[in-house]
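Enquirer: Prediction below, plus the sequence it came from.
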Amino acid sequence: ALVTTKEMFRKAYEGGYAIGAFNVNNMEIIQAITEAAKEENAPVILQVSAGARKYAKHDYLVKLVEAALLDTDIPIALHLDHGEDFEICKACIDGGFTSVMIDGSKHSFEDNIALTKKVVEYAHERGVVVEGELGRLAGIEDDVNVSAEDALFTRPDEVEEFVSRTGVDSLAIAIGTSHGAFKFKPGQKPQLRFDILEEIQRRLPNFPIVLHGASSVSQEYVDIINKNGGKLDDAIGIPEDMLRQAASMAVCKINIDSDLRLAFTAGVREYIMNNPADFDPRKYLAKGREYVKALVKHKIINVLGCSGA
Ligand code: G3H
Ligand code: 13P
Ligand code: ZN
């Protein structure tokens, strides 16, 4: 059934596990994720970025998710990822989503509160839940030094005021993760600020926290890509044990996009390289879909801990 994240998060918090929030932008990826979730009897969040919405079109994605729902009883939430203004949030709330993120993290604290509150008011009147964000995810390309990087982490002393003044249902935080497949410099030891997460959890008891930029960038897929004509040097993600630790704490939603892209690309590249005379898109897309499904199963069982939840 199509649901909000409310009940999912309540149970995930209590059970010390997290729900996977997987980015979707085509039929094969939606099928791969929902089939994996169905086989593991796991609740799942399908999330759509502005870019995905532009690529596939809003109605196509909603209808594909509706089609997936015909096939399963698992709880599925349809979520807008990184909504940047009120208008895109409104379009998704009016257009069948059950959850939206308003990402006001680039604004000042006060402007972020005002924007987030406006989205929350509109969403809650219509039974839709809202994720806000405090702190900014670093990109290693940003070339920030350590003290500047410090300033990007979520400040625990701001979280209670932000949540109480906006009424958000969940909060995305910055504790050292980043988007993409190059999260740390070569030779740099991956690290997350669990001390900040702990302090946020102490100040916001029982409140669901969201971790963006949480792909692990498994070497297995990078190797398949590179062996089949790809060129991905120094791709590094978040180690799985750190994600398990976060899931056991207040983190109830773990965002994964890059890992899906890598698995899909590995499947497609491998198929095409091994079958140079084939030109039926169904053949290589099926391989991409198969790899994404295996990846999602692995996440559900070994990282998120939400199998059978
Ligand atoms: O937050 C970033 C997600 O991976 C979505 O990426 O904007 O390229 O669709 P995108
Ligand atoms: P990754 O790039 O680590 O997969 O993060 C995805 C994300 O946070 C989507 O909002
Ligand atoms: Zn994100």
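Expert: Alright, I've got the coordinates. Ligands and ions are numbered 1, 2, ... in the order given.

Enquirer: where's Ile272 relative to Ile225, distance?
Expert: Note on Ile272: its distance to Ile225, by C-beta to C-beta, to the nearest Å, is 12 Å. All C-beta spots, glycine's among them, are computed from the backbone N, C-alpha and C.

Enquirer: cool, Asp259 as well?
Expert: 12 Å.

Enquirer: Phe22 now?
Expert: For Phe22 relative to Ile225 (C-beta to C-beta), the value is 19 Å.

Enquirer: Looking at the two, which one has more neighbours?
Expert: The neighbour comparison of Phe22 against Ile225 (other C-beta atoms under 10 Å) goes to Phe22, with 27 against 21.

Enquirer: how about the strands of this structure, start to end?
Expert: Per DSSP state E, the chain carries strands over the ranges 19-23, 44-49, 76-83, 99-102, 129-134, 170-173, 209-211, 251-256.

Enquirer: Please name whichever of those is nearest to ligand 2.
Expert: Taking C-beta to the nearest ligand atom as the criterion, strand 251-256 is the member of the strands of the chain that comes nearest to ligand 2, at 3.4 Å.

Enquirer: average pLDDT for the closest one?
Expert: Strand 251-256 comes out with an average pLDDT of 98.

Enquirer: Report the distance from it to the chain centre.
Expert: 6 Å (C-alpha atoms, centre = their mean, to the nearest Å).

Enquirer: Use 47 as the first number for this chain going forward.
Expert: Got it, the first residue is 47 from now on, which makes the last one we talked about strand 297-302.

Enquirer: Please enumerate the helices of the protein.
Expert: 52-61, 73-86, 96-102, 104-115, 132-140, 155-170, 192-196, 202-212, 240-249, 265-273, 286-294, 304-320, 327-344 (DSSP state H).

Enquirer: quick one: Ser224 and Ala184 touch, right?
Expert: Yes. When contacts are counted by C-beta atoms under 8 Å, Ser224 is listed as touching Ala184 (5.0 Å).
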